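> just a sequence and a predicted model for now, questions to come.
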Amino acid sequence: MNETSDQNQNGQNTDDQLGHPGAKHGSSNMRNWIIGGLALVFIVAVVEVIVWKGVQLVSDPVVINMKPTNVPLSEAAVYYSSMLDDYAQEGYDTTDPDVLSEIKTGALTALAQRKIADLKIEELKLYIISEEDQLKVQQDAETEYENAIVMYAPFFQNEDGTLTDAELRVAVEEYFDEQQITLESVKQYYLSDMPTQKLLEGIYADVTISDEDIEADYLARVAEQKVSYENDVLNYEVEREYYGTEMVYMPPGYRGIRQILLAAPEDIQAKLDTLQSELSVLQEEFFNLNGGASLNSSVVTDPAAQHVPTPDPAAVAAKSAEIDAKAAEIEETRAGIPAALEERIQEIRDKLESGSTFTELIEQYGTDPGMTEEPAKSVGYPVHEQSITYDEAFRNGAMALENVGDVSEPILTSFGVHIIEYTRDIPEGAIEQTEAGKAAFRDEVLINKQNAAIDAQFDIWMEEYEVVIHPELLQ
């Protein structure tokens, strides 16, 4: 079965499609627009100021030769600065000569593509906005604006959670007004971007994907992840849990673990919270004793005040002893949780022996919301002997179970008491996708193919316009 697309299905950012990595996740949602939507307007305004890195330019050499117009350094420098910031925010070492070389080439290539796009828009008269276009822009802007309000509303909820939806909406709209973000400004953004989107949609209008394309891409990704993570559980979990990488491969050695999590009784938890707050105060005092307070001070005007006194060893030692004592009190308090929960633990044991299923007991006693969601609800969390995403006691207890179906004795962690079940050995290899995952993957394959078509077309146009870039002129 083949599929076609008459639009950018995931609403990719225009600069991303033209080679700019600043919005590389390819989203047109309000968040990306708020963060970067005015970037091009800003660039155009700043280009008029012929200053680069604080040094007055005495000449403005051409850094992009192309027909029918060339691009001077003053314009390219601002575009380069924007891309440099993007790379830095993504964690790249922008002092590395190889990275800088890549950024310079990328910036000039992206800017040349932007110029070509403008020329093609003029040539094809794509700047003409029809009534139908106006209606679509209005609808898209309203949808985007409403989605943004919903997305931002939780950040404006008070500690008591008592603000109504109407009150939250007012708070978000006031914030948007402060940022000069209105429904009309969103609409104008869409209008300004529409000619470029029309150009791109025309390029990939005939792009299709088949089930065979999707399967081939999926298997290639599985093979790639196998090479990367087969013997590297640490990086596998870092990528999956902390960077949100979509994993399609499961390394060997994982097992499924479900749990009944029993939270600490309210009185013990209240005491633990108090003790933890007291420990935090002691740790801050210890930090200050060692001169840490100067790190939080305002601008120092008296040179003599810049001197940090030598810490008093006796005071430091005394404070350290207080910290150790408080930490020991926390551990002693936490150690009392299993005894306080013994009656409930025994109920669970008795019900297991009388035939109740682990699923039933999770529903009756468990406090872990993760156990209510699939696939963990049915087959458990994936746990490996080298896992870093679980409490060490939980991980060790999970790996100590010998046979599928075994249930552990109570395990105490900072989260409470865990009774865990070994549900299965997870096979190495491709991870079965959910229906939602399959749909998202299909969209991603289509977008990748569309982007390939865009790249190919711009390669042709770069030759047509005889583009030559001079990245060595960027400083």
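Nice, I can see it. Residues are numbered from 1 along each chain as shown.

> report the separation between residue 422 and residue 390.
Residue 422 sits 14 Å away from residue 390, going by C-beta to C-beta, to the nearest Å. C-beta here means a position set from N, CA and C on the backbone, and glycine is covered the same way.

> quick one, what contacts residue 290?
Taking C-beta atoms under 8 Å, 6 or more residues apart in numbering as the definition of contact, the neighbours of residue 290 are 311, 316.

> same check, this time on residue 103
Shown here is residue 103, whose contacts under the criterion C-beta under 8 Å, 6+ apart are 80, 83, 84, 87, 94.

> ok so the first one is a strand residue?
No - assessed by DSSP: H, G, I helix; E, B strand; the rest coil, residue 80 does not belong to a strand; its assignment is helix.

> against residue 474, how distant is it?
Between residue 80 and residue 474 the distance, using C-beta to C-beta, works out to 5 Å.

> can you tell me the closest non-neighbouring residue to residue 410?
In space, residue 410 comes closest to residue 417 once its chain neighbours are excluded; the distance is 4.8 Å by C-beta to C-beta, 6 or more residues apart in numbering.

> what helix or strand is that neighbour on?
Secondary structure from DSSP states H and E places residue 417 in strand 416-425.

> show me which residues of that strand are buried.
For strand 416-425, burial by neighbour count (16 or more other C-beta atoms under 10 Å) applies to 416, 417, 418, 419, 420, 421, 422, 423.

> any chance of the residues you listed in JSON lines with distance to residue 400 and pLDDT as columns?
Converted to JSON lines, the buried residues of strand 416-425 look like this (distance: C-beta to C-beta, whole Å; pLDDT from 0 to 100):
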{"residue": "416", "distance to residue 400": "19", "pLDDT": "94"}
{"residue": "417", "distance to residue 400": "16", "pLDDT": "96"}
{"residue": "418", "distance to residue 400": "12", "pLDDT": "97"}
{"residue": "419", "distance to residue 400": "13", "pLDDT": "97"}
{"residue": "420", "distance to residue 400": "10", "pLDDT": "97"}
{"residue": "421", "distance to residue 400": "13", "pLDDT": "97"}
{"residue": "422", "distance to residue 400": "9", "pLDDT": "97"}
{"residue": "423", "distance to residue 400": "15", "pLDDT": "97"}
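
> just give me the closest of these to residue 375.
When the buried residues of strand 416-425 are compared for distance to residue 375 (C-beta to C-beta), residue 423 comes out closest, at 10.5 Å.

> helix or strand for the closest residue to the closest one other than its chain neighbours, which one?
Nearest non-adjacent residue to residue 423, counting by C-beta to C-beta, 6+ apart: residue 256, 3.9 Å away. The secondary structure element spanning residue 256 is strand 255-262 (assigned by DSSP H and E).

> tell me the first helix or strand C-terminal of that strand.
helix 266-289.

> now do the buried residues in whichever helix or strand comes after that next one.
Of the helices and strands lying after helix 266-289 in sequence (DSSP H and E), the nearest is helix 313-335. For helix 313-335, burial by neighbour count (16+ other C-beta under 10 Å) applies to 319, 322, 326, 330, 333, 334.

> what lies in contact with helix 313-335?
Outside of helix 313-335, the residues that reach it under the criterion C-beta under 8 Å, 6+ apart are 264, 268, 271-272, 275-276, 278-279, 282-283, 285-286, 289-290, 412, 414.

> PyMOL command to pick out the buried ones of the residues you listed?
Selecting just the buried residues from those in PyMOL takes one command, with 16+ other C-beta under 10 Å as the test:
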select buried, resi 264+268+271+272+275+279+282+286+289+412
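
> can you tell me which of the contacts of helix 313-335 is nearest residue 172?
Relative to residue 172, the closest of those is residue 276; by C-beta to C-beta it sits at 32.9 Å.

> that closest one and residue 367: what is the separation?
In this view, residue 276 and residue 367 are 19 Å apart by C-beta to C-beta.

> again with residue 265
Following C-beta to C-beta, the distance that separates residue 265 from residue 367 is 12 Å.

> so which of those two has more stuff around it?
With other C-beta atoms under 10 Å as the criterion, residue 265 and residue 367 differ in neighbour count, and residue 265 comes out ahead with 15 against 12.

> pretty sure that one contacts residue 339?
No - here residue 265 does not reach residue 339: they are 10.4 Å apart, not a contact under C-beta atoms under 8 Å.

> ok and the strand holding residue 417 relative to strand 255-262, angle-wise?
In terms of direction (axes from the mean of the first three to the mean of the last three C-alpha atoms, to 10 degrees), strand 416-425 departs from strand 255-262 by 160 degrees.

> the helix or strand following strand 416-425 pairs with which strands?
Next along the chain after strand 416-425, taking DSSP H and E as the criterion, comes strand 429-430. Take DSSP bridges as the rule and strand 429-430 pairs in its sheet with strand 249-250 (antiparallel).

> quick one: contacts of the partner strand?
Here strand 249-250 makes contact (C-beta under 8 Å, 6+ apart) with 221, 222, 225, 226, 229, 382, 426, 427, 428, 429, 430, 431.

> try it again at 6 Å.
Residues external to strand 249-250 that are found in contact with it (C-beta atoms under 6 Å, 6 or more residues apart in numbering): 222, 225, 226, 426, 428, 431.

> for residue 212, state which of the residues you listed is nearest.
Distances from those to residue 212 were compared by C-beta to C-beta; the smallest belongs to residue 222, at 15.7 Å.

> quick check: that closest one is in a helix.
Yes - using three-state DSSP, the assignment for residue 222 is a helix.

> now do the contacts for it.
For residue 222, the contacting residues are 248, 249, 430, taking C-beta under 6 Å, 6+ apart as the criterion.

> make it 10 Å
With contacts defined as C-beta atoms under 10 Å, 6 or more residues apart in numbering, residue 222 is in contact with 247, 248, 249, 250, 429, 430, 431.

> after the longest helix anywhere in the chain, which helix or strand is next? Please name it.
With DSSP state H applied, the helix covering the greatest number of residues in the chain is identified as helix 435-464. Using DSSP H and E, the helix or strand that directly follows helix 435-464 along the chain is strand 468-469.

> for that next one, the averaged confidence score.
The predicted model assigns strand 468-469 a mean pLDDT of 96.

> ok, and what's touching that strand?
For strand 468-469, using C-beta under 10 Å, 6+ apart, the contacting residues are 62-66, 70-71, 76, 104-105, 107-109, 111-112, 462.

> please repeat the previous calculation with a cut-off of 6 Å.
Contacts with strand 468-469, where a contact means C-beta under 6 Å, 6+ apart, come from 64, 65, 108.

> for stretch 361-379, same thing?
Residues external to stretch 361-379 that are found in contact with it (C-beta under 6 Å, 6+ apart): 256, 260, 261, 263, 348, 423.
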